[in-house]
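Provided below for reference: sequence and predicted model.
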Amino acid sequence: MPARSEHRGPQAASEPIDVVTAFVWDGERVLLAQRSGEVSTFPGHWAGISGYVERADPLAQAYQELDEECGLQRWSLVLAAAGEPLLAAGEGRSFRVHPFLFRVHPPVELRHDWEAARFEWLPVADMLAAARQPAVPRLYETFARVWPPWPPEKAVEENLAAAERFLASDRSHGAAALAEAALASAAVAVRAGRPRFEALKPRILAGLKALAACRPSMQGVARVLEQAQENLASCDTEESALAALERLQQLLQQATRRSIECAASRIQPGEVVLVHSFSDSVLHVLLQARSRLRRVFVCEARPLCEGRLTAVRLAEAGIPVTLITDAQAALVMPQVSRVLLGADALCADGSIVNKAGSTLLALAARRVARPVTVAAQEIKRTSMAEPPLESAPPSEVWPDAPAGVLVQNMYFERVPAELVTEVVTELSGEPTAECPKHASHHPTS
């Protein structure tokens, strides 16, 4: 079978190829992968979990490779060390290797994709003795760049910083998913402080406060982290802190599941629903109501077009779906029976904050008397009339805008309360006579 070609980003041929190598350490042993015969470079050689750098941040690439190649998600990993890049050469190529060390808590469940023939856990002493051969060029020198691991103080700082970069820059997850990720990042910070949690607790609490401020439009992220700070303040051990965060995570997941059930109960047989961008809550509402849906229209949500992911997930579930540009929302609205939105914040005056473009959808819905249902969780409620609205780099809209053209890229907007028919949360319960399941028009075309 010919070797598959691993992905790599554009890079000048004369330049070294940037790659990441991630070593996974369980406290005693280090994970190595024997590269399969299908890879394009160094088949049969021993390596860490590696891949070409296709993202701007090598650490983000390392997390992606660990997820794709062995099923380890970032919230199960404590960043234990990062080393200076080093150059390696082989098979007529030059590589700039970015090394990272991650700690996991055993037992560890692994899965491997086509790039690895098998995994093996080596004692650290064997790693230092370069015991497994043949190995990819400079493998054991790369490991030496991240061994020994950071002390707990450094590990806490670096893991909090990595979590803040992730939460602040994420453009692909909804507010509910990022709230869960925020809680998981708090648990990672606690584990990073092992075995000095009590001494490092003030730094961890300060770090969670900074995390709470990094997504001002997503009030669920701020509220859940504020609750985490309050709960951790009374914990004296790592075990009690992790247990407190686990309880919070379970409560959040229960609220999310219940809010999805309540919102799905509003959708009646034969409905045609219009949604915007990508929302985990909205997606799961639609999946739960799939047997009652005739079709779903999805606005793609420029500039990053997150709606395409929604469309793909719906199509995979067998739900008839049509992707439209944002500008077509009013055009298709007469065919729609309901607009279904998520929310990043539920404001004190009854308005919501959601992805930019939501207000235009709601206005188009009002024009033809279609209800606008919002699926959210109570954790997103805020006493503010309007939380700060986040913007993103203008280059997402127009990377090479000419001089004199100002590009604006607002990500969120406030949808006035008078445009929202109903906000459905985990406390809403079943529809009542005052709040009917279906007060919309069934389109005939």
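Ah, there it is.

check the most centrally placed residue in the chain and give its pLDDT.
Taking CA atoms, centre = their mean, the centroid of the chain lies closest to residue 173, which sits 4.9 Å from it. The score at residue 173 is 84. That number is its pLDDT.

go on, residue 55?
For residue 55, pLDDT reads 70.

how near is it to residue 142?
Look at residue 55 and residue 142: by CB to CB, to the nearest Å, they are 19 Å apart. Glycine gets a C-beta too; all of them are placed from N, C-alpha and C.

now swap in residue 425 and tell me
As judged by CB to CB, residue 425 and residue 142 stand 49 Å apart.

what of residue 113?
Distance, residue 113 to residue 142, using CB to CB: 21 Å.

hmm, residue 128 is touching residue 147, no?
Yes - using CB atoms under 8 Å, residue 128 is in contact with residue 147, at 7.4 Å.

what about these two, which has more around it?
For the pair residue 128 and residue 147, the greater number of neighbours falls to residue 147 (19 against 14), based on other CB atoms under 10 Å.

tell me who's in contact with that one.
81, 101, 124, 127, 128 (CB atoms under 8 Å, 6 or more residues apart in numbering).

out of those, which end up buried?
Neighbour counting with 16 or more other CB atoms under 10 Å marks 81, 101, 127 as buried within the contacts of residue 147.

give me the nearest residue to the last one, chain neighbours excluded.
Of all residues not flanking residue 127 in the chain, residue 30 sits nearest, at 4.9 Å (CB to CB, 6 or more residues apart in numbering).

looks to me like that neighbour is in a strand.
Yes - Residue 30 forms part of a strand when assessed by DSSP: H, G, I helix; E, B strand; the rest coil.

how about residue 358: what's its closest non-neighbour residue?
residue 415 (5.1 Å).

the one you found: what's it in contact with?
Residue 415 neighbours (CB under 8 Å, 6+ apart): 341, 351, 352, 353, 354, 358, 359, 362, 372.

how near is it to residue 205?
With the distance defined as CB to CB, residue 415 ends up 34 Å from residue 205.

need the strands for the stretch 1-150 of the chain, in chain order.
Ranges of strands in the stretch 1-150 of the chain, per DSSP state E, counting those that start in this stretch, are 17-25, 29-35, 46-47, 49-52, 78-82, 86-90, 93-103, 116-123.

Serialize those strands to TSV and add fields for mean pLDDT.
TSV is the format used below for the strands of the stretch 1-150 of the chain (pLDDT from 0 to 100):
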stretch	mean pLDDT
strand 17-25	97
strand 29-35	97
strand 46-47	97
strand 49-52	95
strand 78-82	98
strand 86-90	95
strand 93-103	97
strand 116-123	95
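
okay, helices next: where are they in the stretch 51-200 of the chain?
58-70, 124-128, 139-144, 152-169, 175-192, 197-212 (DSSP state H, counting those that start in this stretch).

now what about the shortest one, what contacts it?
It refers to helix 124-128. Under the criterion CB under 8 Å, 6+ apart, residues 25, 28, 29, 30, 132, 140, 143, 144, 147 lie in contact with helix 124-128.

try the last one
Residues external to helix 197-212 that are found in contact with it (CB under 8 Å, 6+ apart): 152-153, 156-157, 160, 163-164, 167, 182, 185-186, 189-190, 193, 221-222, 225-226, 228-229, 232-233, 235-238, 241.

pick the most deeply packed of the helices of the stretch 51-200 of the chain.
Burial of the helices of the stretch 51-200 of the chain is given as mean neighbour count (mean count of other CB atoms under 10 Å); helix 175-192 ranks first at a mean of 24.

CA atoms only: put stretch 390-400 into PDB for me.
What follows is stretch 390-400, C-alpha atoms only, in PDB (Å, rounded to 0.1, in the frame of the first residue of the first chain):
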ATOM      1  CA  GLU A 390     -16.500  41.000  21.400                       C
ATOM      2  CA  SER A 391     -14.900  41.700  18.000                       C
ATOM      3  CA  ALA A 392     -12.300  39.600  16.100                       C
ATOM      4  CA  PRO A 393      -9.400  40.500  13.800                       C
ATOM      5  CA  PRO A 394     -10.500  42.400  10.700                       C
ATOM      6  CA  SER A 395      -8.200  40.100   8.700                       C
ATOM      7  CA  GLU A 396     -10.800  37.300   9.100                       C
ATOM      8  CA  VAL A 397     -13.100  39.400   6.900                       C
ATOM      9  CA  TRP A 398     -10.600  40.700   4.400                       C
ATOM     10  CA  PRO A 399      -6.900  39.600   4.800                       C
ATOM     11  CA  ASP A 400      -5.500  42.100   2.300                       C
END
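
next one: residue 139, what pLDDT does it get?
98.

list the contacts of the nearest residue to it once chain neighbours are set aside.
Nearest-residue entry for residue 139: residue 47, 6.1 Å, with adjacent residues in sequence omitted and distances by CB to CB, 6+ apart. Residue 47 makes contacts with 21, 32, 33, 34, 35, 135, 136, 139, as judged by CB under 8 Å, 6+ apart.

good, we can wrap up now.
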